[in-house]
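> Generate a structure from the sequence data that follows.
(one chain, ligands or ions: 1)
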Amino acid sequence: MPVVNIAIDGPAGAGKSTLSKAVSAALGYIYVDTGALYRAVGLHMLRHGIDPKNADAVCAALADVRVSLRFVDGQQRVFLGEEDVSDAIRTPEASMAASDVSAFPPVRDFLFSLQRDIAAESSCIMDGRDIGTVVLPNAEVKVFLTASPETRAERRCKELAEKGMPTPYADVLADIIRRDYNDSHRAVAPLRQADDAVLLDTSDLDFDAAFAALIQIIKERVQ
Ligand code: DC
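Sure, this is the predicted structure:
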């Protein structure tokens with residue numbers, strides 16, 4: 001079977017991971033969440049007392065970062081050395097640190113071949129910010145998944161509450177707007193829709209409708 005790569009990019013909270021997970025399971029592909037890699041690098045810096053905004057310090061510390069992805073029953077787990085940090089990377093602090101470190105070109109270069117190698121070996125849905133534009137420019141299918149900041153903040157609030165971390169809506173919205181700005185205004189690999197990506201706006205779609213739309217986009221392009 002030929003390897004098929006599907007690139008899904010978009011801002012934080014657009015539903016990329018939920019949808020990608022469900023669609024990859026339906027298609028029998030692996031799901032690669034590249035944000036987890038940037039989060040793991042950010043977490044490493046926080047744990048070692050390195051300011052994630054300090055380019056020189058972050059880049060100097062990269063040599064010590066042992067990040068890897070492992071797939072257990074098709075589920076991605078992210079490791080720092082031998083420690084599974086898949087849950088530890090989900091805090092607001094790790095989110096912001098990820099956004100900060102992801103602006104530095106050496107960090108992006110450091111994670112590039114890891115992402116490329118996985119996609120070369122396995123049919124996958126890979127989600128991130130620059131998958132269709134930089135990491136997998138030849139992906140068979142590219143989707144730019146988005147939703148309004150307000151919709152994304154509402155969804156994130158619900159998610160956080162369900163995880164036992166209730167957070168005020170205003171804080172979540174402010175965080176989303178700040179991360180959007182950060183991610184789309186950085187000089188290297190900013191968040192933007194690839195010219196050949198299909199735009200899917202999920203603001204007015206529930207999960208089932210968004211899932212069906214995504215499957216349809218893929219089926220039209222992959223036999
Ligand atoms: O998708 P996420 O929220 O887990 O991503 C965390 C941060 O990592 C996000 O603010 C931007 C960055 N990121 C990136 O720059 N490129 C990617 N391919 C994926 C994530």
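> the strands in this structure, which residues?
With DSSP state E, the ranges of strands along the chain come out as 5-9, 30-33, 67-72, 75-80, 83-84, 124-128, 141-146, 198-201.
> Pull out the buried positions in the third one.
It stands for strand 67-72. V67, L69 (16 or more other Cβ atoms under 10 Å). C-betas here are computed from N, CA, C, even on glycine.
> Average pLDDT for it, rounded please.
In this model, strand 67-72 has an average pLDDT of 92.
> and that strand, which strands flank it?
strand 75-80 (antiparallel) (DSSP bridges).
> Over to the last one?
Strand 198-201 pairs in its sheet with strand 141-146 (parallel), by DSSP bridges.
> do the first one as well
Here the strand partners of strand 5-9, with direction, are listed using DSSP bridges: strand 124-128 (parallel), strand 141-146 (parallel).
> most packed of those strands?
strand 124-128 (a mean of 27; mean count of other Cβ atoms under 10 Å).
> quick one: it to chain centroid distance?
Computed by Cα atoms, centre = their mean, to the nearest Å, the chain-centroid distance of strand 124-128 equals 8 Å.
> Put the alpha carbons of that strand into CSV.
Extracted in CSV, the C-alpha atoms of strand 124-128 (Å, rounded to 0.1, in the frame of the first residue of the first chain):
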residue,chain,number,x,y,z
CYS,A,124,-0.6,9.5,8.6
ILE,A,125,-2.6,12.5,9.5
MET,A,126,-0.2,15.0,10.8
ASP,A,127,-1.5,18.2,12.4
GLY,A,128,0.3,21.4,13.3
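> is it up against the ligand anywhere?
Yes - applying Cβ under 6 Å from any ligand atom, one finds strand 124-128 in contact with the ligand at G128.
> Could you pull up the mean pLDDT of that strand?
Computed over strand 124-128, the average pLDDT equals 96.
> which parts of this protein sit against the ligand?
Counting by Cβ under 6 Å from any ligand atom, the chain sits next to the ligand at 12, 34-35, 38-39, 95, 98-99, 102, 128-131, 179, 183.
> now do 5 Å
Selection of the chain residues close to the ligand by Cβ under 5 Å from any ligand atom yields A12, T34, G35, Y38, A98, S99, S102, G128, R129, R179, D183.
> Mind checking which of the residues you listed land in helices?
G35, Y38, A98, S99, R179, D183 (DSSP state H).
> so which of these comes closest to the ligand?
G35 (2.3 Å; Cβ to the nearest ligand atom).
> The closest one against V101, yeah?
No - counting by Cβ atoms under 8 Å, G35 does not reach V101; the two are 11.7 Å apart.
> Quick one: neighbours of D87, just the number.
Residues near D87, counting by other Cβ atoms under 10 Å, number 10.
> and it, what pLDDT?
So D87 comes in at 94 (pLDDT).
> can you check D183 too?
Confidence score, pLDDT, at D183: 85.
> can you tell me how far it sits from P11?
7 Å (Cβ to Cβ, to the nearest Å).
> Report the set of residues contacting both of those two.
Listed as contacting both D183 and P11 by Cβ atoms under 8 Å, 6 or more residues apart in numbering are L191.
> about what we covered before: can you turn the buried part of the residues of the chain next to the ligand into a PyMOL selection?
A single PyMOL command selects the buried members of those (16+ other Cβ under 10 Å):
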select buried, resi 12+34+35+38+98+99+102+128+129+179+183
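> what's the most distant pair in the residues of the chain next to the ligand?
T34 and R179 (15.2 Å; Cβ to Cβ).
> tally of neighbours for Y169?
So Y169, with other Cβ under 10 Å, has 12 neighbours.
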